[in-house]
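# here's my sequence, what's the structure:
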Amino acid sequence: MKLLVEGIGASAGRVSGKACVMRDALRPVGIGEILVTVLTDPLSFADLVENASALVTDLGGLASHPAILAREMGIPAVVGTGRATSVIPDGARILVDGTAGAVYELD
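Residues are numbered from 1 along each chain as shown. Modelled structure (predicted):
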C-alpha cells in the first residue's frame, strides 16, 4: 500500500473501493465507490453520496458538511486533505482509513 494523502479522520472506519473523483456533481457515484471531491454541499451532492462507501475531500473539518454527512451515513471519511482530487486518480483502487485520517492506493 502506498500513502496518497492524509487529512482529518472525520468518520471512523476502513473501506476499500474504486475512487470516483469529481470536482462537481455532474455524474453519479456508483454503488460502493469512494467519492473523492473538493467539498460537499447539501444541494449538489445529497443524492450522489447515498451510493458512496466512503468520502474523501480536499477541504473541510470535523464540523463540515462532508464530515457530518459521513457520520450520519455511517461511512468512513477523511476530510481536509488539501489535495485529494489532484493526487488520487479516478478509478484507482484505494483504502480510506477514517480512523487514522489516511488514504492509501492499493496494488
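# from what I see, residue 99 and residue 9 are in contact.
Yes. Using Cβ atoms under 8 Å, residue 99 makes contact with residue 9 at a distance of 5.4 Å. Where you see a C-beta, it was placed from the backbone N, CA and C, and this is true even at glycine.
# in stretch 13-32, what's buried?
The neighbour-count check on stretch 13-32 (16 or more other Cβ atoms under 10 Å) flags 13, 15, 16, 17, 19, 20, 21, 22, 25, 29 as buried.
# for residue 94, list each beta-bridge partner.
Note on residue 94: beta-bridge partners residue 17, residue 105, judged by DSSP bridges.
# pull the number of nearby residues for it.
Applying other Cβ atoms under 10 Å, we find 25 residues neighbouring residue 94.
# for it, what are its contacts?
Contacts for residue 94 (Cβ atoms under 8 Å, 6 or more residues apart in numbering) come out as 4, 16, 17, 18, 19, 34, 56, 88, 103, 104, 105, 106.
# just the CA trace of stretch 7-17, in CSV.
The C-alpha coordinates for stretch 7-17 follow below in CSV (Å, rounded to 0.1, in the frame of the first residue of the first chain):
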residue,chain,number,x,y,z
GLY,A,7,-6.2,14.6,6.5
ILE,A,8,-8.7,14.7,9.3
GLY,A,9,-10.3,11.4,10.2
ALA,A,10,-13.9,12.7,10.3
SER,A,11,-15.8,9.4,10.4
ALA,A,12,-14.2,6.2,11.7
GLY,A,13,-13.8,3.0,9.8
ARG,A,14,-11.9,1.5,6.9
VAL,A,15,-13.2,0.6,3.5
SER,A,16,-11.6,0.0,0.1
GLY,A,17,-13.1,0.5,-3.3
